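>>> Provided below for reference: sequence and predicted model.
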Amino acid sequence: MFDLERWEEIFETIRKNKLRTFLTGLSVASGIFILVILLGIGQGMRNGISAEFEQDAANILYIWTNRTSVEYKGLNPGREIRLKNTDYQTTAQKYIDELEYKSAVYRIWNGVVTFKKESGSYRVEGVLPDYQFLENSTMTEGRYLNYTDHENYEKVAVIGNRVKNDLFKEADPIGKYIEISGINFKVIGVFTDPGGEREENRVYVPLSTGQRVFNGQNYINNMAFTLDKQDNFEAALAASNKFSSELQEFLKEQHSIAPEDDRAININNSLENAKRFYDLMDMIKYFFWGVGICTIIAGIVGVSNIMLIIVKERTREIGVRKALGAEPLSIVGMVLHESIFVTAIAGLVGLIGSLALLELVGPMIETEFITNPSVNFGIALTTVFILVIAGALAGFFPAYRAARIKPIVALRDE
């Protein structure tokens, strides 16, 4: 039942102790504010990491080589290992039932691309048709490379959106000829990429053409694969790790590399990288929760201390109430109401302030690893409810102490 006199009494107490009530509420509000902001930053970091991994296929593996670091079978360390078409073809055939997309890559160094009077230095690579899906590229004009282009050594090229803007400005590039290091290639498509300009600063040509025209012989710089989809992340990670281990062992055997040599064959497993990042994000999230909760606890302790002071100040009044027949439950309710009211109002102020800040500033934050920091409203509101319960507990002990005061003792209090 709504008790008007009790609420008038609570407001009267607050008016008499404005500074004390304000500082108590500020400690509670700052606790909620800090917690929600930290949770928002944590979510922003998770968004940023997710965006980084969305730039390429989610379960992609890149394989490249380096120099050996261990002597093996009479071969000195420092031997350069170079992948060949046969490495790719053998791997693709060996794991044909496990692979989703696959491509070998031959990189053309110093790829100067020219169209009429415009020119620029871009990353030029010979690839296979599946590379579009490995890189998550989307065609905006024309088409991507196909296997006919590869089999017929066609001099065709697919250019990134940035290359198009640099060389062609507003002109339509489809069907036009560009020069790559002095060799004419016909533009058949333009792509965009989630990675932005860095990824759109590329030109792709058929792998066979790139090797033949730019004296690549049968060498490739790296290989890229994605595995078939799995039911869940853990199953996908297990399959990816198994594939990486087997492929590394296979390539070491093919190139006479010591089993313990960890430098010669390198495999970048995006799922393994993702797991490391997400595990790190979880640790950061738990840390943020810990800091926020500790801040809130500090505020709750402040509320409890203030309630103890209030009970001490009103000891004589409580004694009079009990002498006039006030029930212990009434005394407890008097103290609890004020504790819950201060905690709830301060918590809501902190919540609204933090959500408003995230709403206004969040969309403007676009760093490499933090994107649109935000927090689930349900979680934020739940923290306020928990805070109110904690506020009730904080007020209960002083209230219980007040209810146990004997009237004769209270009336003697100075």
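That came through fine. Remember, predicted model here, so these are calculated numbers, not experimental data. Numbers count the residues shown, from 1 in each chain.

>>> CA only for contacts and neighbour counts going forward, please
OK.

>>> tell me what the helix or strand that contains V36 is packed against?
According to DSSP states H and E, V36 maps onto helix 18-54. The elements that helix 18-54 packs onto, with contact taken as 3 or more CA pairs under 8 Å, 6 or more residues apart in numbering; DSSP states H and E, are helix 270-313, helix 328-361, helix 377-403.

>>> how big is the angle separating the shortest one from helix 18-54?
With axes from the mean of the first three to the mean of the last three CA atoms, to 10 degrees as the criterion, the two stretches helix 377-403 and helix 18-54 enclose an angle of 150 degrees.

>>> okay, now C294: neighbour count?
By other CA atoms under 10 Å, 14 other residues sit near C294.

>>> re the thing from before, output the helices and strands packed on helix 18-54 as a markdown table; include the columns mean pLDDT.
Output for the helices and strands packed on helix 18-54, formatted as a markdown table (pLDDT from 0 to 100):
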| stretch | mean pLDDT |
| --- | --- |
| helix 270-313 | 71 |
| helix 328-361 | 78 |
| helix 377-403 | 73 |
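
>>> Rebuild the ones you listed as TSV, extending it with distance to L61.
Formatted as TSV, the helices and strands packed on helix 18-54 follow (distance: least, CA to CA, whole Å):
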stretch	distance to L61
helix 270-313	6
helix 328-361	36
helix 377-403	36
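
>>> I183 is nearest to which of those helices?
Closest of these to I183 is helix 270-313, at 35.1 Å (criterion: CA to CA).

>>> returning to that earlier point: give the rounded mean pLDDT of the helix holding V36.
Mean pLDDT, helix 18-54: 75.

>>> same thing with stretch 247-255?
91.

>>> Need the contact partners of it.
For stretch 247-255, the external contacting residues (CA atoms under 8 Å, 6 or more residues apart in numbering) are I81, D87, T91, A258, P259, I265, N266, I267.

>>> Of the residues you listed, which pair is most distant in space?
T91 and A258 (19.5 Å).

>>> What pairs with whatever helix or strand G120 lives in, parallel or antiparallel?
Per DSSP H and E, G120 falls inside strand 118-121. Partners of strand 118-121 in the sheet, by DSSP bridges, are strand 112-115 (antiparallel).

>>> quick check, distance from the strand it pairs with to the centre of its chain.
37 Å (CA atoms, centre = their mean, to the nearest Å).

>>> can you check stretch 238-249 too?
The answer for stretch 238-249 is 26 Å, by CA atoms, centre = their mean.

>>> buried residues in that stretch?
The neighbour-count check on stretch 238-249 (16 or more other CA atoms under 10 Å) flags A239, S240, N241, F243, S244, L247, Q248 as buried.

>>> what do you get for stretch 374-383?
Quick answer for stretch 374-383 (16+ other CA under 10 Å): S374, V375, A380, L381, T383.

>>> what does stretch 145-155 give?
L145, D149, H150, Y153, E154, K155.

>>> For my notes, please list the residues you listed in JSON lines and give pLDDT, secondary structure and distance to F133 for each entry.
Formatted as JSON lines, these follow (pLDDT from 0 to 100; DSSP: H, G, I helix; E, B strand; the rest coil; distance: CA to CA, whole Å):
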{"residue": "L145", "pLDDT": "95", "secondary structure": "coil", "distance to F133": "12"}
{"residue": "D149", "pLDDT": "95", "secondary structure": "helix", "distance to F133": "17"}
{"residue": "H150", "pLDDT": "94", "secondary structure": "helix", "distance to F133": "17"}
{"residue": "Y153", "pLDDT": "94", "secondary structure": "coil", "distance to F133": "21"}
{"residue": "E154", "pLDDT": "95", "secondary structure": "coil", "distance to F133": "21"}
{"residue": "K155", "pLDDT": "96", "secondary structure": "coil", "distance to F133": "21"}
